[in-house]
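Trainee: Could you look at this predicted model? Sequence included:
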Amino acid sequence: MAKLFAVVLLLLDALGPNTGIKLDGNGYTDILIAINPAVPQNDEIINQIKEMITSGSEYLFQALDNKVFYKEVKILVPPSWNGSYDRARRETYSKANVIINLPHPAFGDDPYTKQIKGCGEESEYTHFTPDFLLNDGLLGAYGPRGRVFVHEWAHLRWGVYDEYNEKEPFYFSATQEVQATRCTREITGQLLERISGNTLSCRSNVQRDHNAEAPNMQNQKCDNKATRTVIFQDSVDRDALQTLTPLQSSPPPPTFSVIQRQSQVVCLILDVSGSMQSYQRLQRLQQAAIIFLRDIVEEGAYVGIVKFSSSASIVSGLIKIDGDASRQSLISKLPQSASGSTNMCNGLRRGFEVLQQDDKNTVGDEVIFLTDGQATDNVQICLPLAVDSGAIINTLAFGPSASNVLITMANLTDGKFQVANDNITSNELVDAFSSFTMSDGDPIKQTVQLVSTGSVTHDWFNGTVPIDRTVGNSTTFTIIYERRAPTVYIQTPSGSVYDQTRMTHNAATKTLTLNIPGTAEPGDWRYSFLNTESSAQAMTLTVTSRAARNDVPPVTVKAQMSQLTSDGSKPMVVFAEVSQNYNPVLGARVMATLQSDTGHSENLHLLDNGAGADDSKDDGIYSRYFTKLKTGKYSLKVQVSDQGEAVKILANRYSGALYIPGYIVDGQAQLNPEKPPVNVQSADVGSFTRTVTGESFVVSVPPGVTPPNFPPNKITDLSAEIQEDTVLLNWTAPGEEMDEGTAASYEIRWSEHLEMLLNNFSNANLVNTSALQPQEAGSAEHYFFLPGVTIQNGTTLFFTIQSNNNETKSAVSNIARATNFVPTPRPPAISNPGLNLTAIVVSVCVVTIVACVIAAVTTWAMKRKKTIRV
C-alpha cells in the first residue's frame, strides 16, 4: 500500500493543483474573480474590474523587471444576474482568488487580502467592494485601482505583508531618530501633522535599502526580509521569477471571460458491488444519502442517481428539488441490493448521461462518486472522459480498500476527495455527504451541521444541542441506530418533549427523524436515547439547520489542511475559521479529529492565539500543527462550541490598501476626506455548536523512512519592554515538537544592533536563562533580566529567542525591539511649542509617500527616480 500511495503522491505533485492561479510562461492565467450574490447587478462593476486589471498588468510588468503580466482572467457573476454570459465550467465562488462583496464591517471600503498561512504562502482571497470599483472619489485616498490591485496581488500570490503600520506609524530608531514606518529607507517625503485644520511640519530623514527595523508585519512575519526577497526567494513563483527571460516588448492586455453558473445539477453515482454487502455498507450508504437528499441539497437543484457494479443503470433521471415530495421521490429510489464487480467506467458513463438530460451538456455539473473497492475495469480509459466532461467530480472512498484512483479523479476535475470508515459511531459517511455542498457565496441558503456525534452504549445516550439565534429554520434531528430503535426523548429549551411518536421511523434504514416545524426555539435542546437492546449498540445523532432570518447570516465553520498531500517530512497545519459573515467568533473551543483509513487517529485542540501554527491572534481562524504523520488517507472533522463569548468584530486588520490622508502638491497639503467611521458592535448569538468536515488528505511516508522528530515551533510573538534598568520579554511557549508538549530550554540573545541578530545570532549577547523553565505549549511566558548595559533615554535594544528539545532547535524567533524613550517638553524641529514628540507619534500625519506597493515596485521606482503615490 505504501508504494501505491507514493505513486499517487508523485502523480499529484507532477500534475500540480488543478485549481488556482497558474503562471503560463510569462503570463498569469486562471485568475478567478467572483461577485457575491449580495451585490446588486451593475455591469459597470465588470467594466471597472477589466480596467483595474488591465492597468495593473502594465504596472506589474514594469515592477517585476518585464517578466510577468496578467494574461487570462475569468469573472464569475451571480446566478441571479441577467445577461449573456459564458457557462462556467469548474469555477465556483469558493475557489475565487478575488471576491467583490459588500464592505467588511470593520474595514469599510478598504481593499484587503486574507492571509492565514504565513510569509511566502499564497493567501485565501482578496476583497474589493463595489464602491471601491465604482466611486472615483476614492482614488485620491487609495490611489489608482490598478496599482492597488498589484499591491493586493503581492499579498495574495506571494505572501508578503504590509510595510506600513496604522497603529504605529512612527518609531524611534536605533540611531535615536523618529522615523516613519515604511518599506524602504529610500522613500523620501515631507511629514505634516494636522492640528485644528492646519498643517505643521514634522521631521523626516532619508535612508536607503530595506527598512528592517520598522515595526511592521512584513518584518515580523518574514524575518525582516524585504518584500522583493520574499517574492524572488520564498514565494510560489520563486523558481520561475529567477529563470524567466524578460520580454522585449510590452505584453498584450489581459483577456477576460465573464461566466455564470447555471442551476445546480448533481448525479449520485453509487457502488452496489458485492463488497457493499459487507459491514452494513449498503445500509450506511442509504442512511447518508437520505440525509443528503432530504437536508443538504438546495431547493432548485436537479438531482439524479446511478448505480454500478458489473454494469451500470440509471436509478433516477434528473428531478428538480422542489419541496419534500421531490426529495422523497429520490430517497425512495436509492439502491436496495448489492452484488457483482466494480466497473467504475460504466458508472461514470451512465452518470454523464443523466447530467445531459437537462441541456445535453455536462459542463459545470457535479458528480458524487462513491465506491468501497478497487476497480475491476481499467479506469485509465475513462479518466480522459471525466476530465473532458467539464463536470466537477467529488469522490468518496468508503472503507480502507477503496481505489486510490479516486484521489486522481477528484484532483483532475476540481472536485473534493473524501474518505469514510466503517465505524458507525464516527458518522464519517454522513459527514462526507454533508460536505458536498456548492456555495454561491450566500450563507443563508446553506445547510449548517450543528452536531454529528455517536456512541456505543448499554443504556442511555445523552447530550445537549445548543440552537443559537442565527439558525433554526429546517431543523432536523436524525438518529441512526445499529439494531433496534431506541426510546427517544428530545426536550426543547422551554420544556416541551418530542418522543418517537412524533418522529418518522424508517426501519429498513434504521433511522429516526424529527423535523422541527417553523423556526426552532433558541437555547439548549436536550436529548436522551435509551437503548432497548439487551446488549450494547451503536447510535449516532446528526442535527442540521438553516438560517433563522434572511438578513442574519448564520455562524459558520470552514476547515482545511495546509496541503492535501504530504510525504511526512514537514508538519502539516489544520485550520478552522469560525465566523458570522466576516465577523470572527472568538473564544470558541475548536477540536479537530484526524482519522486515517489505517486506524491512526489524532485529536487536536486548535487555537487562535497568534502563536505556533496560528498566523494572527483573534482573527477567528484557529490553527494547530499536525506532526504525527503516518501513511494513510485521512478524514478531517472539526467540532466547535462556544465558551460564552459573543461574536466580535475583528480588531486586527488583514494586509490591505492604506487610506491615505492626503498629498503634498506644489508645497501645499491637499487633504482627502476623513475616512468614514465604521460603527461595529459585537453580536450576542447565544450558545452554539457546529460540526464541519474538511477535504480529506493523503500522507505517504516513503517505505523505510521514519518521520523526523520536529523541533519546537518558531516563536512569532516575542515582545520586549524596558522598565527602568531591566527588560521584560513576553512570548507564547512553543512545544517539544512544534506546538505540542513542552520545550526543554530557551536561548535568549540581545544586541544594540539589529544586524547582529539578523546575521550572527550565535555571537550576540547571551542572557542567563538557567532559572527559566519552559512551560507547556501555548502558555504565556514572561522573563525579566538585566541586560548589562547602561540604559539611557533613547537606548534601543533588540532581542530574539530560540528554543530546543534536546535534539533539535527551533528557528530563531521574530526580533523584538525595546526603546527607553522619555519625551522632552519641547523637542527640536517642532514648529508648534505646544506639541511634544508624543503628539507627533499619535497625530494624524499627511505623508507625501506613505508606503510602497510592494518592494519590487519600489525597486522599479528607484531605478527610474520616480515618485510612487498609492
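Mentor: Great, that's in hand. Worth saying up front: this structure is predicted, and the values here are computed from it rather than measured. Numbers count the residues shown, from 1 in each chain.

Trainee: Is the spatially closest residue to L247 that is not a sequence neighbour in a helix, a strand, or coil?
Mentor: Closest residue in space to L247, ignoring its immediate chain neighbours: N66 at 5.3 Å, by CB to CB, 6 or more residues apart in numbering. Placement of C-beta: from N, CA and C, glycine included. Assigned with DSSP: H, G, I helix; E, B strand; the rest coil, N66 falls in the coil class.

Trainee: okay, now N66: neighbour count?
Mentor: Neighbour count for N66, taken as other CB atoms under 10 Å: 18.

Trainee: First-to-last residue distance for stretch 566-586?
Mentor: This stretch, stretch 566-586, spans 30 Å end to end (CA to CA, to the nearest Å).

Trainee: oh sorry, the question was meant for stretch 723-740
Mentor: 32 Å.

Trainee: and that stretch, how far from the chain's centre?
Mentor: Counting by CA atoms, centre = their mean, to the nearest Å, stretch 723-740 is centred 27 Å from the centre of its parent chain.

Trainee: in that stretch, what's buried?
Mentor: For stretch 723-740, a neighbour-count test (16 or more other CB atoms under 10 Å) marks 727, 729, 731-740 as buried.

Trainee: next one: stretch 353-362
Mentor: Going by neighbour count (16+ other CB under 10 Å), the buried part of stretch 353-362 is 353-355, 358, 362.

Trainee: got the contact list for it?
Mentor: Here stretch 353-362 makes contact (CB atoms under 8 Å, 6 or more residues apart in numbering) with 87, 262-263, 265, 267, 302, 304-306, 314, 317-318, 352, 365, 367, 389-391.

Trainee: Are any of the residues you listed buried, and if so which?
Mentor: Those of the contacts of stretch 353-362 that meet the buried threshold are 262, 265, 267, 302, 304-306, 314, 317-318, 352, 365, 367, 389-391, by 16+ other CB under 10 Å.

Trainee: what kind of secondary structure is G304 in?
Mentor: strand.

Trainee: show me the contacts for R589.
Mentor: Going by CB under 8 Å, 6+ apart, R589 touches 605, 640-643.

Trainee: With G662 instead?
Mentor: 669-672, 846.

Trainee: Among these, give me the pair with the biggest separation.
Mentor: Farthest-apart pair in the contacts of G662 is A669 and N672; separation 10.5 Å (CB to CB).

Trainee: what number of residues lie near Q248?
Mentor: The number of residues near Q248, taken as other CB under 10 Å, comes to 6.

Trainee: before we move on, what about A174?
Mentor: 19.

Trainee: Hmm, L757 and it touching each other?
Mentor: No - using CB atoms under 8 Å, A174 is not in contact with L757; the gap is 11.7 Å.

Trainee: shared neighbours, these two?
Mentor: With CB under 8 Å, 6+ apart, A174 and L757 have common neighbours F798.

Trainee: can you pull out the strands in the stretch 601-750 of the chain?
Mentor: 601-606, 621-626, 632-641, 655-656, 662-665, 668-671, 689-699, 719-723, 726-732, 745-751 (DSSP state E, counting those that start in this stretch).

Trainee: quick one: the helices in the stretch 701-850 of the chain?
Mentor: 754-759, 837-842 (DSSP state H, counting those that start in this stretch).

Trainee: coming back round to it: redo the buried residues of stretch 723-740 as a markdown table? Include pLDDT and distance to A777.
Mentor: Formatted as a markdown table, these follow (pLDDT from 0 to 100; distance: CB to CB, whole Å):
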| residue | pLDDT | distance to A777 |
| --- | --- | --- |
| V727 | 96 | 24 |
| L729 | 97 | 18 |
| W731 | 97 | 12 |
| T732 | 97 | 8 |
| A733 | 97 | 6 |
| P734 | 97 | 6 |
| G735 | 96 | 3 |
| E736 | 96 | 8 |
| E737 | 96 | 9 |
| M738 | 96 | 8 |
| D739 | 96 | 5 |
| E740 | 95 | 6 |
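
Trainee: List the residues that contact S601.
Mentor: 593-595.

Trainee: quick one, what contacts the nearest residue to P78 once chain neighbours are set aside?
Mentor: Leaving aside its chain neighbours, P78 sits nearest to P37 (4.1 Å; criterion: CB to CB, 6+ apart). Shown in contact with P37 (CB under 8 Å, 6+ apart): 78-80, 440-442.

Trainee: Report the beta-bridge partner residues of S452.
Mentor: Under DSSP bridges, the beta-bridge partners of S452 are T542.

Trainee: so the residue nearest to P78, which of the three states?
Mentor: coil.

Trainee: By mean pLDDT, show me the worst of the helices of the stretch 701-850 of the chain.
Mentor: Lowest mean pLDDT of those: helix 837-842, a mean of 28.

Trainee: Run through the residues that contact the residue positioned nearest the centre of the chain.
Mentor: In the chain, the residue lying closest to the centroid (CA atoms, centre = their mean) is E124, at 5.5 Å. Contact partners of E124, counting by CB under 8 Å, 6+ apart, are 113-116.
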